[in-house]
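> Below is the sequence, then the predicted model.
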Amino acid sequence: MNEKILVIEDDPATSRLVDYALRHEGYQVITASNGLVGIRKVQEEKPDLIILDVMLPGMDGFEICHRLRSEPATAELPILMLSAKAQEIDRNTGVKVGADDYLAKPADPSEIVSRVGSLLARKRSAAPAREKVNG
Amino acid sequence: MEDKAIKVLLIEDNPDDAELLKRQLARSQNGHFAVTTVTTLKEGLKLLAWDDGIDLVLTDLSLPDSHGLDTITRVIYQSKHTPVVVLSGLDDEALAIKAVHMGAQDYLVKGQMEGRQLERALFYAIERSRLQSELEQYTQEVGKSRDNLRKIMEKNADAIVVVSHDRHMRFVNPAAESLLGRRKKELIGKPFGFPLEAGERTEIDIIHPGGETSVAEMRVADIDWEGKPAYLASLRDVTEHKKTEIALRFSDAAFRSINESVIATDLDYAITHWNEVSERIYGISAAEATGKKILDVIEIAEIQPGENAGRFSKLENSGHYQEEQLHRTKYGEVWVDVHIQAIEDDSQRYGWVILATVITQRKHAEEALKQSEEFSSSLLQNAPNPIAVINPDTSVKFINPAFERLLGFSQAEIIGSKAPYPWWPEEAREERQAALKEALTGASNTIEATNRKKNGELFWAVINSVPVTSHGKLRYLLVNWVDTTERKQAEEKLRESEERYRELFDNANDLIQSVTPDGHFTYVNKAWREALGYSEEEVANLTIWDIIHPDAIPHCKEIFQRAIAGEKINHIETVFVTKDGRAIQIEGNATSYAKEGKILATRGIFRDTTERKQAEQSIKRAAEEWRITFDSINDWVSIHDTDFKFIRVNKSLASAFKKNPKEIIGKHCYQFLHGGTQPIPDCPHIKALRTKKPAKAELELPDPGIYAEISVSPIFDDAGNVVATVHITKDITQRKRAEEKMRQIDKMKSEFLSNVSHELRTPLQSISGFIKLLRRGQVPDKETRQEFLEIIDRESQYLGNLINSLLDMSRLESGRFEINKRPGPIRDTIVDAVRIFEGLARDKEITLTEDIPENLPEIEADSERLRQVVINLVGNAIKFSDPGGSVTVKAERRNRELLFQIIDRGIGIPEEAMKHLFERFYRAEDKMVRGGAGLGLYISKQIVEAHGGRIWAESQADKGSTFSFTLPLNGKGGKTHERENPGH
């Protein structure tokens, strides 16, 4: 398995928490503390999934998400948004800009792991189907 | 007839008879008969109806559809001019005669005729019938022409009378009836009395039943009247013509014989007739004058220039003209009485007749007489007293208009009458006769006596008789009357009028007084006594100075003097004092009256105006109150007419535009306030005019740059029409701004809550997350466990600080924020606070330095709060610095305060953010900020200011920012709540 997960999160404590929880489940984890670094790492590291915070210095999570969706290479990349902005409007915005899933802080680490697991499973089942269509 | 076949219609139902007849006729040698046979009358009539060429009908009397003589009638009815011959089986003489009577030409008996007999009978029948109809036609024509003649005679305008040779009238037409003045039935059969001779034209005089006569011209012709020879007399009425002729002859003679100038002109005033008198007057012959324009022949002296033109236009308008004119002739100036008359009939004007009589002598005589008589005549005419001029024989020569007026006799009644005169009362005749006689002897006399007017009324008069003589001879007597009745009546009237005035005065509402020059009252009216409260007896002991208010005395003295000097004082306003000491305002005028140049008293008429004055004052006061109110209102108040024009504006409005109210009045409000040429949309003035109810609008006024609330209320007239509106304009800019501010604060608050929620959730995420990992035993490694616990600890602390900040904010909001100042060294506080960030700075690769002098003086301060400020400022500086940057904390003494500065080389603060930095909830652009509730700087500012210090920031984009604050050295100036809050 050893799928690669990119965590874009500016709060070091949260970053550390997510990093530890995912590694504990056997995922490969890379982190970025702002949007620019995050996008660079998406291109360089080609993660299988991104956990994206919303309130980030500079470019915010929504914008990062929108940009990634605009690039063909990352258009289908599973994105899980993790935000302290709990209001419904934020959830809707997240979905609108193309996030696959949305989790409000504080979130249980096991919930994060579980969501990541199901997104990746969906990705795995979708990929061969798409190949079939394309082929 | 021989060339042509004779068409015979045979109506015969017996075929044998028919055949026999046909054969007989076929054998004819004199003519050819074409026989058509029918067997019924109906068929025969049908044939007759459409074939008018049938020459003869031969019919049997007994036919299947007709029997007997009726058959003849029906045939003749169908074709009147076709001869009918009856063919009968009956040899009956009576029937034959009947048949002929009914119109049949012959009656033939069947079987009794030889062929030639029949032939001849038919020929005769046709010939007889032809002659008969010719005769008929001839007779008709004769009748017609006679009728025509009668008609002509009847309608003729000339009177026509037909007279038989035995001289009796046989016919008269209506014109003759009217000429002879008698009805037809009165004339017919009566003898005609005028000589009649054919071909002669004579004039006859007709005497009418009324006696008047008329003249007729008569022509006589021979005619045949009703088969007998007769006379036809045609008469024409020439009476008018005769009269004109006579008149013409007469006027011609008159024209020649009259003794005045007679001139006739055509419409252009060219002379057509000029008689001998004219020749004599003007010295111009008829030959010379004829054809010339009148003004070229006669020179009319113009007394006024252009007078002649006026004369002609007057003449042409009215058609006649009369004037005495001065004509200049060869022989000199002549006065002429000129009559001009238009020659015209109803529809047309032909010319003018001018009659001129020389009146020069009369004029001169008149002039002389006028001059000599004018004086005396005018004297007599205009004398107010009755005057009579009496001839020596006692006949009255003249009476003047005054005589007529007084005595009631007209000139016509009196002139010529002799003594005893009708104005002498009978009982005084002798006495009057004697006086007259005396006067006629040449001695003037004066008597006072009664006289009788025409209506019988008697009057007293002084009669003065003066004889007028010339050349020692009495010419006439001049008598004049002085009516003493009038004088007596006048005296009576005067007394009456005085009484009336007195009554009037007494009942007047005005205060009337009469005051002698020494100040005593000779008269006061009832209203006066009532107003001042004095009785009549009391008034007698008063002087004017007792009732005038002491303050008004100097002024009144002056007026009184002027009135005594004879001046009429028209407007006096002063104050009287009543008996009970009340002051009353009075207003009026004063005059004086004098006898023989001596002033007897002043008369004053006054009105108590106290109430009016009070009313006036209260109106004035109300107006003043209103004006002051109007001008004191801070809102703009203006009154507008229905055409948007300012009628009135208050001071506040005028001064807002730096104008005088007069400069605004008359301007349109949409132009003045809104700078437009048309009323603005949603104009409350329009709405108020339309709905007749108050209207309101909030508008932005561009010129003073304010937000205004305009309330418009309509003003009504008595009929309920809106005549004007009141506009109250409130400056609501502050309110609008406050509302705007409130909206911003609301927005910030909502953002704040969202941020606070975020800031609370972030530490909570790690705290709860790590705890969950730890509890589930997912962290087997001890060191990692330790690390996680430290994170939990740190995040909990952060959470605690955040909650403190929120509490501080809440305290600040509710005014319960306190500081506890204590004297002490503050260097340590600052240095400790900076040190907290050493780890973070290192992580972010930021150089953090402090430059704080060791000997920083002690001050009174709340060190806990101060630490909070430093942590906040340094935290921000690090937050906004990129790796490789630097943050320096400095402190120094400056004058009487300590200055602290936190300097970074970070991203800087945008210009627009600078002014809001210290406001609560304000956060710089989201994207730059990592978290934060937007409270730090706000709380810091409150803390610094609570110490009596100041806080500010300077920044340059991309170069960094410097946050500075000061604290006063003496520790005063800030709030100290130590005692009030000892527990804090």
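Noted; the coordinates are in hand. This structure is a prediction, so every number in the text was calculated from the model and none was measured.
> Strands of chain A, residue ranges please.
For chain A, the strands defined by DSSP state E occupy A:4-8, A:28-32, A:49-53, A:79-83, A:101-104.
> now swap in the stretch 51-200 of chain B and tell me
Counting by DSSP state E, counting those that start in this stretch, the segments of the stretch 51-200 of chain B that form strands are B:56-60, B:62-63, B:66-67, B:84-88, B:106-109, B:159-164, B:169-172.
> Quick check: pLDDT value at B:D92.
In this model, B:D92 is scored at 80, pLDDT.
> any idea how far it is from chain A?
Relative to chain A, B:D92 is positioned 144 Å away (C-beta to the nearest C-beta, to the nearest Å). For every residue, glycine as well, the C-beta is placed using N, CA and C.
> Now for B:R429: which residues touch it?
B:P420 (C-beta atoms under 8 Å, 6 or more residues apart in numbering or on different chains).
> Helix, strand, or coil at it?
Here B:R429 is recorded as helix under DSSP: H, G, I helix; E, B strand; the rest coil.
> Strands of the stretch 451-600 of chain B, start to end?
B:458-470, B:473-483, B:511-515, B:521-524, B:569-577, B:583-595, B:598-608.
> residues in contact with the fifth one?
Residues outside strand B:569-577 that contact it (C-beta under 8 Å, 6+ apart): B:531-532, B:547-549, B:551-552, B:555-556, B:559, B:562-563, B:583-591, B:604, B:606, B:609.
> which one of the strands of the stretch 51-200 of chain B is the most hemmed in?
Highest mean neighbour count among the strands of the stretch 51-200 of chain B (mean count of other C-beta atoms under 10 Å in any protein chain shown): strand B:56-60, with a mean of 24.
> May I have that strand as CSV, with CA atoms only?
Presented in CSV, the C-alpha positions along strand B:56-60 are these (Å, rounded to 0.1, in the frame of the first residue of the first chain):
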residue,chain,number,x,y,z
LEU,B,56,-115.2,51.3,-88.0
VAL,B,57,-116.8,48.8,-85.6
LEU,B,58,-119.7,46.8,-86.9
THR,B,59,-121.3,45.0,-84.0
ASP,B,60,-124.2,42.7,-83.3
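> could you say what helices and strands it packs with?
Judged by 3 or more C-beta pairs under 8 Å, 6 or more residues apart in numbering or on different chains; DSSP states H and E, the packing partners of strand B:56-60 are strand B:6-11, helix B:41-50, helix B:70-78, strand B:84-88, helix B:115-155.
> switch to 10 Å and redo it
Helices and strands touching strand B:56-60, by 3 or more C-beta pairs under 10 Å, 6 or more residues apart in numbering or on different chains; DSSP states H and E, are strand B:6-11, helix B:15-26, strand B:33-38, helix B:41-50, strand B:66-67, helix B:70-78, strand B:84-88, helix B:115-155.
> and the angle for the last one with helix B:15-26?
It stands for helix B:115-155. Interaxial angle of helix B:115-155 relative to helix B:15-26 (axes from the mean of the first three to the mean of the last three C-alpha atoms, to 10 degrees): 80 degrees.
> To what extent is the closest residue to B:P83 other than its chain neighbours buried, counted in neighbours?
Here the nearest residue to B:P83 in space, its sequence neighbours aside, is B:S129; by C-beta to C-beta, 6 or more residues apart in numbering or on different chains that works out to 3.5 Å. When neighbours are counted by other C-beta atoms under 10 Å in any protein chain shown, B:S129 registers 20.
> so B:S129 sits right up against B:Q105, yeah?
Yes - between B:S129 and B:Q105 there is a contact at 5.8 Å, judged by C-beta atoms under 10 Å.
> Mutual contacts of these two, please.
By C-beta atoms under 10 Å, 6 or more residues apart in numbering or on different chains, B:S129 and B:Q105 have these common neighbours: B:L56, B:T82, B:P83, B:V84, B:V85.
> of these, closest to chain A?
Closest to chain A out of those is B:T82 (126.7 Å), distances taken as C-beta to the nearest C-beta.
> and that closest one, how far is that from B:L135?
B:T82 is 17 Å from B:L135, where distance means C-beta to C-beta, to the nearest Å.
> Looking at those two, which is more packed in?
Neighbour totals were compared for B:T82 and B:L135, and B:T82 leads with 20 against 10 (other C-beta under 10 Å).
> got a pLDDT number for the more buried one?
85.
> OK, contacts around the nearest residue to A:V18 once chain neighbours are set aside?
Excluding the flanking residues, the one nearest A:V18 by C-beta to C-beta, 6+ apart is A:V7, at 5.0 Å. Applying C-beta under 10 Å, 6+ apart to A:V7 gives the contacts A:14-19, A:22, A:29-33, A:38, A:41, A:47, A:49-53, A:80, A:82, A:112.
> mind listing what's buried in the lowest-mean-pLDDT helix or strand in chain A?
Ranked by mean pLDDT, DSSP states H and E, the weakest helix or strand in chain A is helix A:88-96, scoring a mean of 75. Judged by neighbour count (16 or more other C-beta atoms under 10 Å in any protein chain shown), helix A:88-96 contains these buried residues: A:D90, A:R91, A:T93, A:G94.
> Relative to chain B, which of those residues is nearest.
Taking C-beta to the nearest C-beta as the measure, chain B lies nearest A:D90 of the buried residues of helix A:88-96, at 8.8 Å.
> Could you verify my assumption that the closest one touches A:L82?
No - using C-beta under 10 Å, A:D90 is not in contact with A:L82, being 11.4 Å away.
> Show me whatever sits in contact with both of those two.
Joint contacts of A:D90 and A:L82 (C-beta under 10 Å, 6+ apart) are A:V54, A:G61, A:Y102, A:A104.
> Give the burial count for the residue of the stretch 601-750 of chain B found nearest chain A, as a bare number.
Taking C-beta to the nearest C-beta as the measure, the stretch 601-750 of chain B has B:S750 as its residue closest to chain A, at 10.3 Å. B:S750 sits with 11 neighbouring residues when counted by other C-beta under 10 Å.
> Tell me the first helix or strand C-terminal of the one helix or strand it maps to.
B:S750 belongs to helix B:733-775 when assigned by DSSP states H and E. Using DSSP H and E, the helix or strand that directly follows helix B:733-775 along the chain is helix B:782-814.
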